[in-house]
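[1] dropping the sequence and predicted coords here.
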Amino acid sequence: MTASLGKDLTGLEHLTPEQIRLILDTAEPFKEVSERPIKKVPALRGKTIVNLFFEASTRTRISFEFAEKRLSADTVNVAATGSSVSKGETLVDTAKNLEAMRIDMVVIRHPSSGAAGFLGERIRSNVINAGDGKHEHPTQALLDLLTIRDKHGKIEGLKVCLVGDVLHSRVARSNIWGLTKLGAQVGVCGPHTLMPRGIEELGVRFFPRIEEAIEWADVLNVLRLQLERMEKGFIPSLREYYRVWGVTPERLERSPRPITIMHPGPMNRGVEIDSRVADGPHSVILDQVTNGVAVRMAVLYLLAGGRPELADAAKRGAGAE
Amino acid sequence: MPAKSDRTILLDARAMSRALQRMAVEVAELAHGTADLVIIGIQRRGVELAERIAKFIEKDEGVAVPRGALDITLYRDDLETVGPKPVIGETRLPVDLTGKHAVIVDDVLYTGRTVRAALDELADFGRPKRISLCVLVDRGGRELPIQADVVGKVVKTGPGDRVEVQVAEVDGRDQVDLVR
C-alpha cells in the first residue's frame, strides 16, 4: 500500500523515510509537466489555495504559485503588509476568515517558529509550511534532497555539509532531518557564534574549519548569511566572513573529489560563496530552483484534500480499471 | 467480498501474440501506412503493448514508428475520491503531435474514462489530425460515448468481474484472465 502524507506538511521531523521518498518519487513525473508546451494539468482544478506570507519571499512564493497554477488550482496571495494582519488580526482569525470563503489549502510563511503547525491544528484546510521562524522549511529541504539525488543517483551514504549560519536557519534544520532520515551523513560548518548548542545531538558532525569540511564532503549546501547578523555581533565583518568561511575555488581545489555546490538563495556573492563557485561546473543552484516547482507540485498533489468517503461510492460498480 | 473467485484464461501467450500481430496490421491499415503514425501507450501495461505493436509494424513495413507513453493520472475525474494518491508514471511524447495520426493503446477498455482523460491530455500536446483507439480487450460497460477502432478480443463482463492483463515485461508472462 502506498504511504500518504496526512493533512499538513509542517516539517520533515515527523515524516518517515517512506513518506519523504514518496514525495521525491512523486516529484519526478512533475518535472516533465513544466517542460510541456502547455505547462498545466487539471489535477487540482477547482481547489482554492491561499498563499499567506507574513515574511518577505520572492523565490518560495513564486515557486509555490507556479506549482499551484500548473496544477490548475485557483490561488490568492495575501501578504502581511496591506492586509488586516497589519490591523492586529490574529493568525487564526485571518485563516478562519479565509476558510469562511471556502478555501482548500493554505501555504504559510511566518516569522514565528511553529506557526504552521499551530495553524494546522486549528483549521480544516491543508496547511503547508513555507518557512516558520527558525523551525523548518520542509519544501526547501525536499528540493535539496531531490537535487542531490538527481546529481548523485542516491542520498544514502553521501556526506553533505551545511555551511554558515546554522543557528538561524530553518533550511538547515529541515535538511538535517531529511538527510539523516534518508541515510546521508550530515556535517555542519561555520562560526561558533552561528552554531546552535548541542547540534551534535541531532547526529551531525561539526567542522570548525571550512577546509576540513571541504576535505570531508561530497556536497556543500552553502547557507545564506543574513546580513543583519553582522549588526547583531554574530560575525565581525562581511569581509572577514568571506576570508575565513567563504567557499572559494582555491579552497575547493584542495578537495580530493569534485564537490556539488548548493545554495538555497538568495546568494550574497563574495560573502558566503565566491561567484566563480556559484557559476562553476559543479554548481546545481539553478537545478534546485527548477526542482522546487516539481517538489511543491508533488506536495500539493499528495495533500490535496480528497474525499475518501466518496471513494467507496465511486468504486461501486467500477471494478478494477 | 466473495470467498472464492473463478478464473478463466481469455488469452494465453500465443493467442495474445497473434492478437497483437493482427492489431498491428489493422493499425497500419487504419493509418494508411506509417507516414504520420505515432503510437502512444497508456501507463502502465498499455506502454508495453504499444511497444509490441510498433515492433510488429516496423517488421512489416521496414520503417521506424515513433512511440510514446502517457500517464493520465493527473487528468482523472476521480482524484477527489481516490484514497492514497496513485503513483504517477512517465509521460513521454517523442514528437509534436500536430498533424499526426495518434493511436492510443491500452490493455482494457471498460468505462471509457481513462480514454476520456487521455484525449484531454493529448489535446495539451498539440492537435493531431486524427486520434484512434486500440485495445487488447474490450469488456463492455461503457459510461461514456467512446469506442475502440482496433480490438484484440471482445468479452462480455459484469460490474463485479475483473479482467487481468499480464505482460512479460512487467509481470513475467503474457496472459489475459477473466476473474469473476
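    Sure, I can see it.
[2] residue nearest the middle of chain B, spatially speaking?
    In chain B, the C-alpha nearest the mean C-alpha coordinate belongs to B:Asp106, at 0.9 Å (CA atoms, centre = their mean).
[3] any idea how far the strand or helix carrying A:Val107 is from the middle of the chain?
    If you go by DSSP states H and E, A:Val107 is part of strand A:105-110. Computed by CA atoms, centre = their mean, to the nearest Å, the chain-centroid distance of strand A:105-110 equals 13 Å.
[4] contacting residues around the residue nearest to the centre of chain B?
    B:Gly41, B:Ile42, B:Arg45, B:Gly46, B:Leu49, B:Thr114, B:Val115, B:Ala118, B:Leu133, B:Cys134, B:Val135, B:Leu136 (CB atoms under 8 Å, 6 or more residues apart in numbering or on different chains). From N, CA and C alone the C-beta is placed, and that goes for glycine too.
[5] just checking, the fifth one touches B:Ile104?
    No. Using CB atoms under 8 Å, B:Leu49 is not in contact with B:Ile104; the gap is 10.8 Å.
[6] show the model's pLDDT score for A:Ala95.
    With respect to pLDDT, A:Ala95 scores 90.
[7] just checking, it touches A:Phe118?
    No. The criterion here is CB under 8 Å, and A:Ala95 misses it with A:Phe118 at 10.0 Å.
[8] neighbour count: those two, which is higher?
    In this view A:Ala95 and A:Phe118 are compared by other CB atoms under 10 Å in any protein chain shown, and A:Ala95 has more residues nearby, 23 against 17.
[9] identify the residues contacting that one.
    Here A:Ala95 is in contact with A:Leu52, A:Val106, A:Leu119, A:Arg122, A:Ile123, A:Ser125 (CB under 8 Å, 6+ apart).
[10] part of a strand, is B:Val38?
    Yes. Counting by DSSP: H, G, I helix; E, B strand; the rest coil, B:Val38 is found in a strand.
[11] which strand or helix spans the closest residue to B:Val167 other than its chain neighbours?
    Distances taken as CB to CB, 6 or more residues apart in numbering or on different chains put B:Glu48 closest to B:Val167, at 4.5 Å, once the chain neighbours are dropped. Using DSSP H and E, B:Glu48 sits within helix B:45-61.
[12] what does A:Cys161 give?
    strand A:159-163.
[13] show me how far that strand is from its chain's centre.
    In terms of CA atoms, centre = their mean, the centre of strand A:159-163 is set 16 Å apart from its chain centre.
[14] quick one: strands adjacent to that strand?
    Strand pairing for strand A:159-163, using DSSP bridges, gives strand A:185-189 (parallel), strand A:219-222 (parallel).
[15] what mean pLDDT does the next helix or strand after the last one get?
    Read that as strand A:219-222. Once the chain leaves strand A:219-222, the next helix or strand it forms, by DSSP H and E, is helix A:228-231. Here helix A:228-231 scores 73 as its mean pLDDT.
[16] stretch B:85-96 too?
    On average, stretch B:85-96 scores 89.
[17] which parts of that stretch are buried?
    Neighbour-count burial for stretch B:85-96, counted by 16 or more other CB atoms under 10 Å in any protein chain shown, picks out B:Lys85, B:Ile88, B:Gly89, B:Thr91, B:Leu93.
[18] next one: stretch B:63-70
    B:Val65, B:Arg67, B:Gly68, B:Ala69, B:Leu70.
[19] which ones among the contacts of A:Ala95 are found in strands?
    Under the assignment DSSP state E, the contacts of A:Ala95 contribute A:Leu52, A:Val106 to strands.
[20] from A:Gly114, how far out is A:Gly11?
    Distance from A:Gly11 to A:Gly114, counting by CB to CB, to the nearest Å: 9 Å.
[21] next, show the common contact partners of the two.
    Residues touching both A:Gly11 and A:Gly114 (CB under 8 Å, 6+ apart): A:His135.
[22] more neighbours: which of these two?
    Comparing A:Gly11 with A:Gly114 by other CB under 10 Å, the one with more neighbours is A:Gly11, at 22 against 16.
[23] residues contacting the more buried one?
    A:Ala116, A:Gly117, A:Asn129, A:His135, A:Glu136, A:Pro138, A:Ser174, A:Trp177.
[24] SS state for the residue nearest to the centre of chain B?
    strand.
[25] any regions of chain B where pLDDT drops low?
    Scanning chain B for pLDDT under 70 picks out the ranges B:1-3.
[26] can you list the residues of the stretch 1-150 of chain A near chain B?
    A:1-4, A:25-26, A:29-30, A:32-33, A:36-38, A:40-43, A:71 (CB under 8 Å from any CB of the partner chain).
[27] what does the helix holding B:Glu48 rub up against?
    The list of residues contacting helix B:45-61 from outside it, by CB under 8 Å, 6+ apart, reads B:20-21, B:23-25, B:27-28, B:33-34, B:37, B:39-41, B:64-65, B:67, B:69-70, B:89, B:104-107, B:134, B:136, B:165, B:167, B:169-170.
[28] can you give me the helices in chain B?
    B:13-30, B:45-61, B:113-123, B:168-171 (DSSP state H).
[29] who touches the last one?
    Where contact means CB under 8 Å, 6+ apart, the residues beyond helix B:168-171 that reach it are B:Ala13, B:Arg44, B:Arg45, B:Glu48, B:Glu51, B:Asp174.
[30] for the second one, what are phi and psi?
    Spelled out, that is B:Arg44. Dihedral pair for B:Arg44: phi -110, psi -40, per degrees, to the nearest 10.
[31] what is the burial count for the residue nearest to B:Val167?
    Neighbours of B:Glu48 using other CB under 10 Å come to 21.
[32] follow-up on the earlier one: which one of the helices of chain B lies nearest to A:Gly265?
    helix B:113-123 (33.3 Å; CB to CB).
[33] who are the packing partners of the closest one?
    If contacts are counted by 3 or more CB pairs under 8 Å, 6 or more residues apart in numbering or on different chains; DSSP states H and E, helix B:113-123 sits against strand B:37-42, strand B:67-70, strand B:101-109, strand B:130-138.
[34] again, 7 Å this time
    strand B:101-109, strand B:130-138 (3 or more CB pairs under 7 Å, 6 or more residues apart in numbering or on different chains; DSSP states H and E).
[35] who does the last one pair up with?
    Strand pairing for strand B:130-138, determined by DSSP bridges: strand B:101-109 (parallel), strand B:150-154 (parallel).
[36] now tell me what touches that strand from outside.
    Strand B:130-138 is contacted from outside by B:10, B:19, B:23, B:27, B:30, B:49, B:101-109, B:115, B:119, B:122, B:148-155, B:163, B:165, B:176, using CB atoms under 7 Å, 6 or more residues apart in numbering or on different chains.
[37] buried subset of the residues you listed?
    Buried residues within the contacts of strand B:130-138, counting neighbours by 16+ other CB under 10 Å: B:10, B:19, B:23, B:27, B:49, B:101-109, B:115, B:119, B:122, B:148, B:150-153, B:155, B:163, B:165, B:176.
[38] related to what we said a few turns ago, which of the contacts of A:Gly11 fall within strands?
    A:Asn129.
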